[in-house]
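Colleague: Let me see the structure of the following:
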Amino acid sequence: MFIGSLLNNQYNGFIRQNKSALIALVKVIDILIIILTFHIYINGEKNHIEDKQALVLIASVLTFLFFSTFNNLYGIPRGVRFLFICKNIVTAWSASIFSTTVFSLIANYVDSENYKTFYPWVIITPLCLIGWHFLLRLILIALRKVGINSKTTAIFGATRLGLDLQSIILKEPWMGLELVGFFDDRKPGTDNRTTDTEVIGTFDDLVERAKNNEIDVIFITLPMRSEQRIKSIIDNLGDSSTVVYYIPDLFVFDLLGSKIENYNGLPSICVYDIPHAGIDGISKRILDIGVSSAILSIIAIPMLIISIGIKLTSPGPIFFVQKRYGLRGEEIKVLKFRTMKVCEDGNNVKQATKGDSRITPFGQFLRRTSLDELPQFFNTLQGTMSIVGPRPHAVAHNELYRSLIKGYMLRHNVKPGITGLAQIRGFRGETDTIDKMEKRIRSDLEYIHYWSVWMDIEIIFTTIFKGFVNKNAY
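Modeller: Numbers count the residues shown, from 1 in each chain. Just a heads-up that it's a prediction; the model follows:
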């Protein structure tokens with residue numbers, strides 16, 4: 001197997017990550033920042049650090065170095081955005097503080113007085129670390145833009161993927177990759193080779209330049225079916241000190257929340273994944289609880305007024321409890337204010353349409369303004385829903401569309417939401433055609449693919465200003 005051959009020790013000499021000489025310096029400065037902030041916020045005006053404080057400091061430094069190494073903070077390649085670095089710093093520091101706090105409590109090293117200064121240190125330190133790494137980033141970007149600390153780069157494989165890579169390299173000079181051009185042996189129009197790409201040499205030319213140390217980094221962008229050809233290329237490039245990357249043409253798959261994982265030395269590409277796991281899941285849950293609690297405290301009286309309005313305008317219960325699919329496709333019960341004279345939630349559910357006789361006049365107002373969704377903030381507090389996510393559909397509609405729309409059930413890799421990307425784009429109300437539902441699902445999957453806490457916050461604010469009232473909501 002091709003993957004197996006890449007794992008063979010004979011290739012470990014040249015298929016490697018680029019290790020910067022700055023790593024040791026960055027670690028030292030990280031340690032100094034932790035020590036300095038500790039001295040300012042914990043030690044205060046004292047000229048010396050007490051033994052117990054020293055042990056807490058040592059524990060925090062060692063655990064931070066351990067967790068930052070574990071999440072690859074110091075081995076991040078050039079093409080990664082700074083937001084990802086910030087995430088790694090916060091993750092490593094949070095894990096470090098948790099471990100240090102447990103250690104301190106067990107050993108009784110932190111008393112109630114120290115807690116007053118402990119919390120500011122916990123907050124200020126990661127901000128200082130992020131500031132230092134941002135400054136380092138700016139320095140490296142400036143150096144790379146003038147040709148210092150840059151890497152001469154070549155692409156072997158004039159393919160669509162190669163063109164995408166070329167576009168990224170040219171648009172992102174901060175990565176410090178100087179592209180010399182494409183190399184390829186194939187004829188234009190054969191085996192995925194594009195016809196409009198200028199090729200400056202053959203593979204033999206590339207090998208010769210690599211042996212002469214004229215090229216620092218080579219990206220191979222041949223299609224995955226060219227296994228033997230790729231293996232031969234890697235074998236030949238093994239006679240040089242050039243860094244070699246193979247970029248698989250994964251665009252042939254519909255990846256969702258994809259990532260590379262390692263199982264005891266065997267790399268695997270996760271095609272479909274649940275994105276809100278680990279620290280991401282915790283941060284999203286904190287956002288859900290905070291926003292839901294704040295909103296419920298504000299809308300308590302309006303909800304009471306709506307409840308009275310429902311009772312006065314039509315007979316029946318105030319709430320309508322719906323069966324919906326939640327995380328991993330498990331059935332959950334979703335709350336809504338009742339807007340219809342009848343409550344359908346069986347195997348055959350008719351969607352609400354314009355002029356639907358089942359909807360009460362007061363219910364029409366609630367649906368138009370999305371006020372019927374307000375009880376779902378209780379679902380969010382309960383943990384069965386989220387503030388932002390794909391809107392939950394009726395179980396009957398799920399079973400219908402999962403067989404008609406590719407990737408439909410992937411929307412259940414996250415919790416359903418009160419609002420979502422599809423809703424702020426106007427994809428609401430009746431889906432009387434497959435095309436309308438497909439547009440909604442594409443937005444849901446796009447949200448899952450590009451999710452971040454900041455994206456959730458942006459959707460929440462957009463919903464506040466434009467997402468409540470919609471002409472398509474019946």
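Colleague: Mark out where each domain of the protein begins and ends.
Modeller: The chain breaks down into these domains under automatic domain parsing: 23-145, 150-252, 278-467.
Colleague: Save those domains as CSV, and put in mean neighbour count, mean pLDDT and distance to residue 269 too.
Modeller: Where C-beta positions appear, they are placed from N, C-alpha and C, glycine not excepted. Formatted as CSV, the domains of the chain follow (neighbours: other Cβ atoms under 10 Å; pLDDT from 0 to 100; distance: least, Cβ to Cβ, whole Å):
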stretch, mean neighbour count, mean pLDDT, distance to residue 269
domain 23-145, 15, 80, 17
domain 150-252, 17, 84, 7
domain 278-467, 17, 85, 15
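Colleague: Dump the ones you listed to TSV, plus distance to residue 268.
Modeller: TSV is the format used below for the domains of the chain (distance: least, Cβ to Cβ, whole Å):
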stretch	distance to residue 268
domain 23-145	17
domain 150-252	12
domain 278-467	18
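Colleague: separation between the closest residue to residue 317 other than its chain neighbours and residue 316?
Modeller: Spatial nearest neighbour of residue 317, excluding adjacent residues (Cβ to Cβ, 6 or more residues apart in numbering): residue 338 at 5.9 Å. Separation of residue 338 from residue 316 (Cβ to Cβ, to the nearest Å): 6 Å.
Colleague: residues shared between the contacts of the two?
Modeller: Shared contacts of residue 338 and residue 316, defined by Cβ atoms under 8 Å, 6 or more residues apart in numbering, are found at residue 310.
Colleague: pull the longest helix from this structure.
Modeller: Ordering each helix of the chain by length in residues (DSSP state H) puts helix 278-313 first.
Colleague: Give me the contact list for the helix or strand following that one.
Modeller: As assigned by DSSP states H and E, the chain's next helix or strand after helix 278-313 is strand 319-325. Strand 319-325 is touched from outside by 331-340, 343, 345, 375, 392-395, 398, 412, 416, with contacts defined as Cβ under 8 Å, 6+ apart.
Colleague: circling back: what sits against the residue nearest to residue 317?
Modeller: 310, 314, 316-320, 363.
Colleague: could you redo the last one with a cut-off of 6 Å?
Modeller: Contact partners of residue 338, counting by Cβ atoms under 6 Å, 6 or more residues apart in numbering, are 310, 316-317, 320.
Colleague: Return the residues in contact with residue 152.
Modeller: Contacts of residue 152 by Cβ under 6 Å, 6+ apart are 178, 215-216.
Colleague: Throw those residues into TSV and include distance to residue 231, thanks.
Modeller: Converted to TSV, these look like this (distance: Cβ to Cβ, whole Å):
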residue	distance to residue 231
178	28
215	20
216	22
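Colleague: Can you flag which of those belong to strands?
Modeller: residue 178 (DSSP state E).
Colleague: How about the secondary structure of residue 90?
Modeller: Following DSSP: H, G, I helix; E, B strand; the rest coil, the label given to residue 90 is helix.
Colleague: how close does it sit to residue 361?
Modeller: Distance from residue 90 to residue 361, by Cβ to Cβ: 50 Å.
Colleague: Then residue 379?
Modeller: As judged by Cβ to Cβ, residue 379 and residue 361 stand 26 Å apart.
Colleague: With residue 278 instead?
Modeller: 48 Å.
Colleague: which non-adjacent residue is nearest residue 195?
Modeller: residue 188 (4.4 Å).
Colleague: for residue 416, same thing?
Modeller: Nearest to residue 416 is residue 392, by Cβ to Cβ, 6+ apart, at 3.8 Å.
Colleague: Could you pull up phi and psi at residue 219?
Modeller: phi -110, psi 130 (degrees, to the nearest 10).
Colleague: Could I get the contacting residues of the residue nearest to residue 416?
Modeller: 324, 334, 416.
Colleague: Report the angle between the helix or strand where the second one lies and helix 278-313.
Modeller: It refers to residue 334. Assigned by DSSP H and E, residue 334 belongs to strand 331-337. Orientation check (axes from the mean of the first three to the mean of the last three Cα atoms, to 10 degrees): strand 331-337 against helix 278-313 gives 40 degrees.
Colleague: ranges for the strands of the stretch 151-300 of the chain?
Modeller: 151-156, 177-183, 199-201, 217-220, 243-246, 259-263, 266-270 (DSSP state E, counting those that start in this stretch).
Colleague: distance of residue 220 from residue 61?
Modeller: Taking Cβ to Cβ, one finds residue 220 at 40 Å from residue 61.
Colleague: what do you get for residue 404?
Modeller: Counting by Cβ to Cβ, the gap from residue 404 to residue 61 is 56 Å.
Colleague: What of residue 320?
Modeller: 56 Å.
Colleague: residue contacts, residue 23?
Modeller: So, once contact is read as Cβ under 6 Å, 6+ apart, residue 23 ends up touching residue 74.
Colleague: Wait, residue 414 touches residue 389, no?
Modeller: Yes - Residue 414 is within contact range of residue 389, at 5.2 Å (criterion: Cβ atoms under 6 Å).
Colleague: Of the domains of the chain, which is nearest residue 266?
Modeller: Closest to residue 266 of those is domain 150-252 (Cβ to Cβ; 15.6 Å).
Colleague: Now do the closest one: distance to the chain's middle.
Modeller: How far domain 150-252 lies from its chain's middle: 28 Å, per Cα atoms, centre = their mean, to the nearest Å.
Colleague: got it, and stretch 442-457?
Modeller: Distance, stretch centre to chain centre, for stretch 442-457: 8 Å (Cα atoms, centre = their mean).
Colleague: likewise stretch 89-109?
Modeller: Counting by Cα atoms, centre = their mean, stretch 89-109 comes out at 25 Å from the chain centroid.
Colleague: mind exporting that stretch as PDB, just the C-alpha atoms?
Modeller: This file holds the C-alpha atoms of stretch 89-109, laid out as PDB (Å, rounded to 0.1, in the frame of the first residue of the first chain):
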ATOM      1  CA  ILE A  89      -2.200  28.600  23.100                       C
ATOM      2  CA  VAL A  90      -5.500  28.800  24.900                       C
ATOM      3  CA  THR A  91      -6.000  25.100  24.800                       C
ATOM      4  CA  ALA A  92      -2.500  24.300  26.200                       C
ATOM      5  CA  TRP A  93      -2.800  27.000  28.900                       C
ATOM      6  CA  SER A  94      -6.300  25.900  30.000                       C
ATOM      7  CA  ALA A  95      -5.100  22.300  30.300                       C
ATOM      8  CA  SER A  96      -2.000  23.500  32.200                       C
ATOM      9  CA  ILE A  97      -4.000  25.600  34.600                       C
ATOM     10  CA  PHE A  98      -6.500  22.800  35.200                       C
ATOM     11  CA  SER A  99      -3.600  20.400  36.000                       C
ATOM     12  CA  THR A 100      -1.800  22.900  38.200                       C
ATOM     13  CA  THR A 101      -5.000  23.800  40.100                       C
ATOM     14  CA  VAL A 102      -5.700  20.100  40.800                       C
ATOM     15  CA  PHE A 103      -2.100  19.700  42.000                       C
ATOM     16  CA  SER A 104      -2.200  22.900  44.100                       C
ATOM     17  CA  LEU A 105      -5.500  21.900  45.800                       C
ATOM     18  CA  ILE A 106      -4.300  18.400  46.600                       C
ATOM     19  CA  ALA A 107      -1.000  19.700  48.000                       C
ATOM     20  CA  ASN A 108      -2.800  22.600  49.700                       C
ATOM     21  CA  TYR A 109      -0.400  25.100  48.000                       C
END
